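Participant: Here is the input, now give the coordinates:
(chains A, B, C, D and E)
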Amino acid sequence: MERLLSDHLLSVLVFLPSAGALLLLFFPRSAVSAARAFAIAVSVLELALSLPLWTRFDLLQQGFQFREKIAWIPQLGISYNVGLDGISLLLVLLTTVLTPVSLLFSYSHVEKEVRVFSLTFLVLETGMLGSLVALDLALFYVFWEVMLVPMYFIIGIWGGPRRIYASMKFFLFTMAGSLLMFLAILFMAIRHQAATGVWSFALEDLYRLAFTGRVETLLFLAFALAFAIKVPVFPLHTWLPDAHTEAPTAGSIILAGVLLKLGVYGYLRFALPLFPDAATRFAPWLGVLGVIGVIYGAAVAYAQHDMKRLVAYSSVSHLGLVVIGIGAFTTMSLSGSILQMINHGLSTGALFLLVGVLYERRHTREIDAYGGIAGIVPVTTTLFLIATLSSIGLPGLNGFVGEFLILLGTWTSPHRWWAAAGATGVIFSAVYMLTLVQRVFWNPFVHEENKKLTDIRPSEFIAAAVLVVLMVWIGVRPNDVLDRIHPSVELLQKAVAAKLASADTRGARP
Amino acid sequence: MTLPLWVLPVIPLVGFAINGLLGTRLRKSFVTAVGCGAAGLVTLAAYSRLIPFTSGDHSTVIEPVVSWIAVGNLSIDLSFRLDPLSALMLSFVTLVGLLIHIYAIGYMHHESTDAGYARFFAYLNLFLFAMLTLVLAESFPLMFVGWEGVGLCSYLLVGYYFDREYAAAAGRKAFVVNRIGDYGFLLGMFGVFATFGSLNYSEVFKKAAEQPAAFSPALAAICLCLFMGAVGKSAQVPLYVWLPDAMAGPTPVSALIHAATMVTAGVYMVTRCNVLFRLAPEVMLFVAVIGCFTALFAGTIAVAQNDLKKILAYSTISQLGYMFLACGVGAFTVGMFHVMTHACFKACLFLGAGSVMHAMSDDLDIRHMGGLKAKMPITYWTFLAATLAISGIPPFAGFFSKDAILASSFEAPGLGKLLWFVGLFTAGLTAFYMFRIVSLTFFGQFRGTKEQAHHVHEAPASMTMPLVVLGLLSLVAGWLGLPAVFGEHANVIEPFLAPIISPIAGHDAAHEALPHATEWLLMAVSVAVAASGLYLAYQWYAKQGGRAPARLAASFPGAYALVADKFRIDELYDVLFVRPYAWLARTLWKVVDVLIIDGILNASAFLVELVGDFLRFLQTGNVRNYALTFFLGLIALLLFVVGAI
Amino acid sequence: MIGSIPLSDVLLVSGALFSIGIAGALLRRNAIQIFLSIELMMNAANLALIGYGAALGTREGQIIVFFVIAIAAAEAAVGLAIFVALFRHTETIDVNKINLLKW
Amino acid sequence: MTPNLVQFTHADLSAIAPEMMLALTGCLILLIEAFAPGLRRWFATLALAGVAGSLYFLLEAPRGTTFGGRFDTSSLTVLMGLFLGAAAVLAILMAKPYLERTGEEKGEFYALLLWGHLGVSLMTRGLDLLIIFIGLETLSLSFYVLAGFFRSVAASSEAGLKYFLTGAFGSAFTLYGVALLFGASGGTKIEGLARPGLAESPAVIFGLLLLLVGFGFKMSIAPFHAWAPDVYQGMPTPAVAYLSVAPKGASLIALYRVFSAAFEGGMPDRFRTAIIALAILSMTLGNVVALAQRDIKRLLAYSGIAQMGYVMISLAVFGRDALGAAIVFFFAYLASNAGAFAAVAALYRDETKPHPVALLAGAGRRSPFAAAVLALCLFSLAGIPATAGFIGKFFLFKAALEKGLYALALAGIANSLISIGYYLKVVYILYMREPVEPDAPPALAPADRFALALCAAAILGFGIFPSTLWEVARRAAATLPFAGP
Amino acid sequence: MTAGRVIFDLAAAAAIVFSGLMVVGRNPVRSVLSLVVAFFALAVCFVMLLAPFIAALQVIVYAGAILVLFLFVLMLLNVGREQPEKTGRPIQTVLGSAAVLVFAGLLLGMFRGSGARVPTPADPVAPSLLGDPAALARLLYSDYLLHFEAVSVLLLAALVGAFVLARRENAS
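Facilitator: Residues are numbered from 1 along each chain as shown, chains lettered A, B, ... in the order given. Predicted coordinates for the structure are as follows:
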C-alpha cells in the first residue's frame, strides 16, 4: 500500500475515480444518497491523495516527476507513460479540487439518475487526470477523447432545455479538432519509426524529431486546431456558450475549470515543443486571436441576458488573455498564463457554482428574473461578489496576479500592442461582470417570487468557500504557485530555443 | 521599538475581517467598537511612526516584508515606504478616517439594519486598509493593490444602498470609469518595467534621476499612461463623470473617499512619480492644462446645481483640478499641500452636508432648505469655516494652498499666465457657488415641508465632534504652508516635502522665487476675486432670494440648461460609448456568433443531413434499381481500371 | 482452338449471352424473368468455362460447370420458394411493386 | 496413373472436421426438429456446442494445406475461424430469446445458421476459387432463407426476395470472374494466379474486378451496398448480426488471398486508386445516408456500409500490417456491431414491426444494461478511444499513413466526424429523450445478457489491451505472401 | 469451315437469339420456353466443345428440371403478362441498356483482344478424352472431393430452405 502510494501515486490518482465508478455500478438503483455520498467520498479521498503531489514536488527539478512507465502496446512503442511537471501539477490539483466541489454542489441538486451521474463524473475525472499526466501521445489521445463521453452525458442528460444541441455541438466540435490531431500523432510516430527504426509515441522521443517546413506547419496546425477548439480560441468558441449554459452546474464548473485548460495545456505540452518553428511562425496569429478573444468575448458577454451564458463568454475573454500570454512566449507571460488557468478555474468555477445556487432555487438563468436579491441571499451575494472580483482581476485576489504577469510579460515581448489591447479586458470585464452583479443582486427588488429564495446551503457553501479560500491564497501568496510553475516554464523555453537553434543550424527552414 | 509599517494596513484589515465575516451576528455596539477601534488604533499606530519621523531627519524608510510575485526577472516585494510624501498622506488619511468613522456611528445608526451597519463599517475598514497600502507602498504593483482596493471600496460604498437603482448604477459606473484609468496605469507600469527593469520606486526613480537621457524618450508615453490612471481616480476631465454619481453613497463615504482621501490618490501618484513627470515636460503641460480645465469646467457646473452633495462633488473635481494644475506646473509640493488642506475642509463640508441631510430627512435639494443656521449652529459654523477655507479667504486653510498654486502657475513659463488666470477665475466661481450653498442652506427662510421643518435638529455629538475638529483644521491646516512673504521659515510643509522632489542629473531644480511684491499682489488679487464671489453669492441668494440669477438663467435659457445639465457629458458618453458598445455587443453576438459562425456550422451540418436525406431516396426499395447501381458501379470500375490498359 | 472453333469465338458467344442476361435482369420486372436472366448469366459463365477447359486441355472446366449446375439448381429451389412465400403476401412478383422496405 | 477413387487422408479429415462438425450439428438439429420437437429449447445449446466443437477441431487441426493444396489451415484461418465462431456464438445466443419471443423457434433457423457459417468458413479457408465460390453460395442460400424466415411478415419475405435477386445477380458476376481467372491461370487454385506477368493480362484484371465487385457486394461496399439496408431491416435480427459481420470478414480474406497471389509485384496504381475510390464512396455514402435514417436496423446497415469503407483502406494499402489492421478492425467490428444488434434485439418488443429509433426513447432507464451496451457499441463504432473500434481505426489509419495515402486518411477522419452525428443521435434518444412507450420492455433474457456482456467485455478488453490481438493478427497476416510489409 | 464449326455457330446463334427472345418477351411462360431452347442450343455447343457429359447434364438438369420448375411455379402463381410500365420512368431502362452496351463492349472487346489467351497447358488431356465421364468422376472424387462435400451441404441447405419457405403453416 505504501509502495503503491509512493511509487505509483499518479496511477492511483488516475484510476481511483474509475475504480470508484466501477464500484458504483454495483450500487442498487435506489441507493441514491449512498451513491452520492460514495462519489463525494471518492473524490475527497482523491483530493487527499493528490495533496502529497504538492508537498513532494521537487521545486529544483525541472523535468517530469512521479514518473511511471509500463509497456502498453509494445509493438508500436506505446506505453503507459506518465509524469508530472509544474504545469500539470497545478492542473491536476485544480482537477482534484474542482471535482469534489462539483459533486458536493450537486449533492442537493441532482435528482435524476444520481448513480449514473456520480459514475460519469468519476470517469470524467479519470479522463482529465489522465490527459494531464500522460507523456505518451497515444495515451494522451485516449484520455483526451475519453473525457468527451462523460461530459457529453453530463450535458445531455442533466442539462438545460437545449442540452441536446449543446451536447452534440460540444462533442462534434471537440472531435473535429482532435481527429486531425490523431492523424498528426500517427504521422509523427511513423516518421519516428522511419528515422530511427524504432516505434515510439513517447513525447520525449518525438520531441527529438525534426520536420521540414511544410510538414511541420501541417502537423502544428493539426495539433493547434484541436487545442484551439478546446480553449476555445475565436472563432472556434461557439460550442462553449451553449455547452456551458446548458450543462448542469457541476458540469459547467468542470468544463470551465478543467476542460478548457486542457486546450492550453495541450498546446504547451505538445504543439509548442514539438513544432517550435511553426509555433513561432504562428505565434502572431495566436496573439491576434487572443486579443480578439479578449475583446470579443467581453463584448458578447455584455449582451447576454442569461447568467450562465454571460459567464461562459467571460471564459472566452479570459482564455483569450491566456492565449496572448502563450503567444508572447516570455517567461513571465507563460507563467502568468499557467497561473491564470488556475485562477480562471477557481473564479469561473465559483461563478458557475453560485449561479447554480440561484438556478436551483428559481429554475431560471434569466438575469431579469432576479434583481435586488442581495438582501435575501446575502451570503450568496458576498461569495458571488468575491468571485466576480477575482474574475475581473482585483489585486489581492488571484486573478490579478495572472493577468498582470501575462500582460507585463507580453509587454516585454516584441508584441507590445497585444498587451495594450489585451489589457482592455480589464475595463470590459468590469463592465459586464459588474452589470451582472448589479442586475442580479442589486437594484430594486421587483420579483415577488424571489422572496422565497433561500440562501446558500452548507454543502454549497463549503464547495464555494473552498474556492474562495484558494482565490485569496493565490492572490496573497502567488509565489507558492509560481515557484512550481517557473522551473517548468524555463525548461519549456529552453527546449524550444534549443530546437529552434538546431533547426537553424541545419538550415531546415524552407 | 518602532511598529513595522505593514502593521498599519493590517489593523483595519483585521477589523474588516471581523465585521465582514461575523458582522451579521454581532451587535451594533460591538461592530462600532471593532470598526472605530481599528480606525483609532491605526491612527495611533500611524502617529507613533509619524511623530518620530517628522521630528527626526525624515529620510526615507523602506521596510520589505516578503516577496509577493517573483517570476523570471520580475520581483515584486511586499515592501512599505515611509517618506515625507507618504507621511503627509498618512497623517491626514488616518486622522480624517478616524473622524469619519466616529461621525458614521451617529450617521449610520438609524440608516441601516444591523447587517448593513456591520457591512458599512467593514467596508470603511477595508477602505482604510487599501488607502494605507496605496500610500505606504514601495512599488507600483503594491500601490496598484491599494489603488484598486480603494476603487473597490468606493464601488461597494457608493452602492451601499444596493436596492436603489441609481446607487447600484453609480457604484458600477465609478468602478468602470476608474478601470479605464487603471488601464492607463497598468500600461504605465508595464512601460516602467520595460524601461527600468523594475517596479520599485527607489530603483526606478534612482535610475531615472541618474540617467535621464537614457530613459526620457519612453517617459512621455509612460507618464501619459500613468496620468490616465490619475485622471480616472481623481476624477479629471474626461473621466470625472463617476464622481458626481458617487454621491449616491452614504455621506460619510462621500466625505472620506470621494473628497478627502481616495480621489487625491491620483495627485499623490503623480507627485510620487514626479521624477518621471519632470522628465516629460510635454506631459507636465498636459497635466496642468487638464487640471486647469477641469477646475474651471467642474466649477462652472457646480454653479447651476441644486443638489447639495452634487455641488460639493463638482467642487471636489474642481479642487482636484487645482492640484493637478500645481503638479503640472511643477509645484508638486504645493499640490500635496492642497491635497492636505482640501482633505480637511472638504471632509468638513461633506460631513456638514451629511448633518444637514440628516436633519432634512435625506432631502438634499438646497432650494428646500434655508435658515438652518439657527437650528444647527455647530453645523453652520463648521460649514462656514470650511466654505471660507475652500473659497480661499485668509487665514483659512484653502487660502494658503490655493494661493500657492496660483502663484506657481503664474510663475510657470509658457502657458503659465493663462493657467493662472483661469485658476483665478475658478477661485471666484468657487467662492460664488460655495457661498450660494451657505446662503441657501443656512440663511433666509426655511423652504422645505412642514414635516421637515419639524424634524430639523442638530446632529448628535458623535457627528458634531468630527465637524468641530475638521472645522478647526480647516482654519489651521493652511498655516503649515505660509507663503514665503511671511518669512523664510514660515512654510513648514515645503521643506518637509522637498526631499521627494529629488534632483535629476542635468536638470537644475532651482528657480527664481517670485519677488515679494508680485506675491503680495497675486495674493491680493485672489483674495479680492474670492471675496467678490462670496459677496455676489450672498447678495443674490441670501439677500435677494435668488431673483437675479433666475433672471439671468431665464435670459440665457439654452446656456443655463446646458450648465444645469452638466453640459450633458453623461448623455454624450452615453451616445458615444455606452450605447454603441451595447449595440456592438449585441451585434457581435447576434451576427458574428449566431449568424455567421454558428450559421456556417449549422448550415454545413444541415447540408450534410440534407444530402443524406436526399441520398436516402436513392434507396427506392426497387430491387432493379439496386441491381442497376451495382452494375453501374462495376462499369465505372471497369472503365477506370480496364479502360486504362 | 478447340477442334476448329477458336476460343475467342466461344468467349464472344459467352460474353454476348452474359450481357443479354444482364440486360434481362435489369430490364424485366417480373422476379421470375429476372431470375431466368440470372440463370442465363450463369450459363454464359458455364460456356466460357467449358471453352477455357477445352482450350487448356483440362477437365477442370467441366468439373466447375458440374458444380455450377448443382448450385444453380439449389438456387432455383430456394429462389422459387422465396417467390412463392412472397407471393402469399403481395399477390405479385413484379418487383416494381415490392417496395415495403425502402429509404 | 489411375488415382484412388477417394483420396481422403487423415490430415484432410482433421482439416475439415470443423466444417463437418457444423454440418452434422445442423443435421442433428433438423432430426430433432422432425422427431423430437419437445427438445426444441435445447437447440441453441446444441448449436453452441456445435460451434464450440468446430472451434475445438479448428484449433486442434494440424497446420498446413490439405486437399491437394486447396484447403488452408494456418494461423490466419484459425484466427478468422475464431472470429467467425464468435459471430456465430453471438448470433445463436441472441437467437434463442429472440425466436422464443416471436414464437418462431424452429430448428431450421439454427441449422441454416450453422450451414451458412460453414459456407463462410469455407470462404476463409479455401485456396481454390471454386471452394470459395461454393462457400459463398452456401452462405448465400442459407441466408436468403433466413432473410425470409418470418414468412408471416411481408417485410421479411421481401427482404428474402431482395437479398436473393441481388445476391444471385452478384454471384453470377463472381462466377464469371472465376471463369475468367480459371481461363487465364489454367486452374482454380489461387496460387495459379501467381504467375509473373499474369496480372497485366486484361482477362485477369477483368476477372479480379469481377471478384472485387462480387465480394464487395457481400461486404456491402458502396455502390454494391443497396441490398443491405432493406435486407437488414426485414431479416430476423440475430441473423443480421451474423450476416453483417462474418461474411464481410471472410470476403475480405478471400479478396486478400486472391490479390496477394495476383499482385505479387505490388498492387497496380489504377487498382489501388479504384479501391480508394470505393473506400471513400462507401464511407461517405454510408455515413451521410445513415444520418437520415429513422430505423435502427437500417441505420446500422448504413453504418456497416461506412465501416466497410474503412476496411477498404486496408485493401488499398495492401500489405501485411494492413491485413493485420483489418483483422483487428473486424474483431472490433464484430463486438460492436453484433453487440449493437443484440441490444436492438433485446430492446424492441415487437420483432415483426419496424424498429424506429424513436422507440428507444427512455431505454436508458427502462433497460439500463442493454441500453448501456448499445451506447458502448455505438461509441466503439464511432471510434472513441478506449473502445475496440478506436483500436481498429487506429491501425487502419496508421497503415494508410505509412503507405502515404493521406487523402484517404483525411477522408476517413472527416467521415468519422460525420458518423458521430448519427451514433450520438441514437445515444441521445436512449438516454435523453422522454420515453414514448411507458410500459417496461421484456426482461432481458439470460442469453441476451450474456451476449451483451460478452460484447461489452470484448469492446473494452480490446480497446484497452489491444497488443495481444494486434500481435496475433499480424502474425496471421504474415501467412499470406506480400510484396511489401 | 468444318462441320463442327458450322454446328457450333448455328447453335450459338440459336442460343443468342432465343436468349434475346427470353429477355424481350413480356409473357413469362414464353420466356421460359425460349430459355429452354437456348439451353438446348448451349448443350449443343458443349458437345461441340468436347463436353458431352456436361451437355447431358445441361439438358437433363437445366432444361429439364430447373426450367420445368420455373414453369411449374409460374403456373402455381398464375403470373400473367408483365404490364407495360405505367409511369414514364425510363431511367432504369435507358441507363440499364446503355450500361449493358458499354459492358458488352468492354467484355467482348477484351475477348477479341488478348483476353482469350490461355496458358499453354503442361500436359493437356487428349481432346477425345476430355469429356470422358469416368475420368470426370475420378476427378470429382479426388481433387474435387472437398468441393463435392461442400456442395452436398449447399444442396442440403437449399432443400431445407425451400422447405422452410414454401411449406404451408400447419396451424394457421
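
Participant: Would you check that residue C:69 makes contact with residue E:63?
Facilitator: No. The pair residue C:69 / residue E:63 is not scored as a contact, 10.9 Å apart, by Cβ atoms under 8 Å. (Each C-beta comes from the backbone N, C-alpha and C, glycine too.)

Participant: can you point me to the longest helix in the chain?
Facilitator: In the absence of a named chain, this looks at chain A. helix A:163-196 (DSSP state H).

Participant: you looked at the wrong chain, it should be chain D
Facilitator: Longest helix of chain D, by residue count under DSSP H: helix D:154-185.

Participant: And chain E, is it touching that?
Facilitator: Yes. Using Cβ under 8 Å from any Cβ of the partner chain, helix D:154-185 reaches chain E at D:160, D:180, D:183, D:184, D:185.

Participant: got the contact list for the first one?
Facilitator: Contacts of residue D:160 were listed using Cβ atoms under 8 Å, 6 or more residues apart in numbering or on different chains, and they are C:82, C:85, C:86, D:144, D:145, D:147, D:148, D:149, D:234, E:165.

Participant: who's in contact with residue B:190?
Facilitator: With Cβ under 8 Å, 6+ apart, residue B:190 has these contacts: A:407, A:408, A:411, A:412, A:419.

Participant: Strands along the stretch 1-150 of chain D, start to end?
Facilitator: Along the stretch 1-150 of chain D, the segments classed as strands by DSSP state E, counting those that start in this stretch run D:64-66, D:71-73.

Participant: between those strands, which one is nearest to residue B:198?
Facilitator: Among these, the nearest to residue B:198 by Cβ to Cβ is strand D:71-73 (80.7 Å).

Participant: And stretch D:140-160, what's buried?
Facilitator: Under the neighbour-count criterion of 16 or more other Cβ atoms under 10 Å in any protein chain shown, stretch D:140-160 has D:140-151, D:153-160 buried.

Participant: which SSE is the closest residue to residue A:207 other than its chain neighbours in?
Facilitator: Nearest residue to residue A:207, sequence neighbours excluded (Cβ to Cβ, 6 or more residues apart in numbering or on different chains): residue A:273, at 5.8 Å. Per DSSP states H and E, residue A:273 falls inside helix A:272-274.

Participant: tell me the mean pLDDT for that helix?
Facilitator: Helix A:272-274 comes out with an average pLDDT of 90.

Participant: And stretch D:170-185, by the same measure?
Facilitator: 94.

Participant: residues near residue 342, how many?
Facilitator: The chain I'm using is chain A. 23 (other Cβ atoms under 10 Å in any protein chain shown).

Participant: To clarify, I was referring to chain D.
Facilitator: Neighbours of residue D:342 under the rule other Cβ under 10 Å: 32.

Participant: what does residue E:149 give?
Facilitator: Residue E:149, neighbours per other Cβ under 10 Å, totals 18.

Participant: repeat for residue E:25
Facilitator: As a burial measure, residue E:25 scores 20 neighbours (other Cβ under 10 Å).

Participant: phi, psi of it?
Facilitator: Main-chain dihedrals, residue E:25, degrees, to the nearest 10: phi -60, psi 140.

Participant: Nearest residue to the middle of chain E?
Facilitator: With distances taken as Cα atoms, centre = their mean, the residue of chain E nearest its centroid is residue E:39 (6.6 Å).

Participant: For that residue, give me its contacts.
Facilitator: Residues near residue E:39 by Cβ under 8 Å, 6+ apart: C:43, E:15, E:58, E:59, E:62, E:63, E:67.

Participant: Can you report the mean pLDDT over the residues of the helix ranked longest in chain B?
Facilitator: In terms of residue count, the longest helix belonging to chain B (DSSP H) is helix B:165-196. For helix B:165-196, mean pLDDT rounds to 92.

Participant: residues of that helix that come out buried?
Facilitator: Those would be B:165, B:167-196, for helix B:165-196 by 16+ other Cβ under 10 Å.

Participant: related to what we said a few turns ago, so what's the gap between the longest helix of chain D and the chain middle?
Facilitator: On the basis of Cα atoms, centre = their mean, to the nearest Å, helix D:154-185 sits 17 Å off its chain's mean C-alpha point.

Participant: likewise stretch B:447-455?
Facilitator: Worked out by Cα atoms, centre = their mean, stretch B:447-455 lies 35 Å from the chain centre.

Participant: could I get it in PDB with only the CA atoms?
Facilitator: The C-alpha coordinates for stretch B:447-455 follow below in PDB (Å, rounded to 0.1, in the frame of the first residue of the first chain):
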ATOM      1  CA  ARG B 447     -38.400  76.400   2.300                       C
ATOM      2  CA  GLY B 448     -39.000  72.800   3.000                       C
ATOM      3  CA  THR B 449     -42.100  70.900   4.000                       C
ATOM      4  CA  LYS B 450     -43.700  71.100   7.400                       C
ATOM      5  CA  GLU B 451     -42.500  67.700   8.500                       C
ATOM      6  CA  GLN B 452     -39.000  68.600   7.500                       C
ATOM      7  CA  ALA B 453     -39.300  71.800   9.400                       C
ATOM      8  CA  HIS B 454     -40.500  69.900  12.400                       C
ATOM      9  CA  HIS B 455     -37.700  67.400  12.100                       C
END
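
Participant: Nearest residue to residue 185 in space, please, no chain neighbours.
Facilitator: All of this is about chain A. residue A:137 (4.6 Å).

Participant: Wait, chain D was what I had in mind.
Facilitator: residue D:192 (3.8 Å).

Participant: show me the residues around the one you found that make contact.
Facilitator: Here residue D:192 is in contact with D:185, D:186, D:261 (Cβ under 8 Å, 6+ apart).

Participant: how about a cut-off of 10 Å?
Facilitator: Contact analysis of residue D:192 by Cβ atoms under 10 Å, 6 or more residues apart in numbering or on different chains lists D:128, D:129, D:181, D:182, D:184, D:185, D:186, D:198, D:261, D:262, E:119.

Participant: Residue A:176: which of those is nearest?
Facilitator: Taking Cβ to Cβ as the measure, residue A:176 lies nearest residue D:262 of the contacts of residue D:192, at 39.6 Å.

Participant: ok, now which ones touch the nearest residue to that closest one once chain neighbours are set aside?
Facilitator: Leaving aside its chain neighbours, residue D:262 sits nearest to residue D:193 (4.4 Å; criterion: Cβ to Cβ, 6+ apart). With contacts defined as Cβ under 10 Å, 6+ apart, residue D:193 is in contact with D:129, D:181, D:184-185, D:187, D:199, D:204, D:207-208, D:257-264.

Participant: go on, residue A:82?
Facilitator: Shown in contact with residue A:82 (Cβ under 10 Å, 6+ apart): A:8-11, A:13-14, A:64, A:66-70, A:88, A:129-130, A:132-136, A:139-140, A:143.
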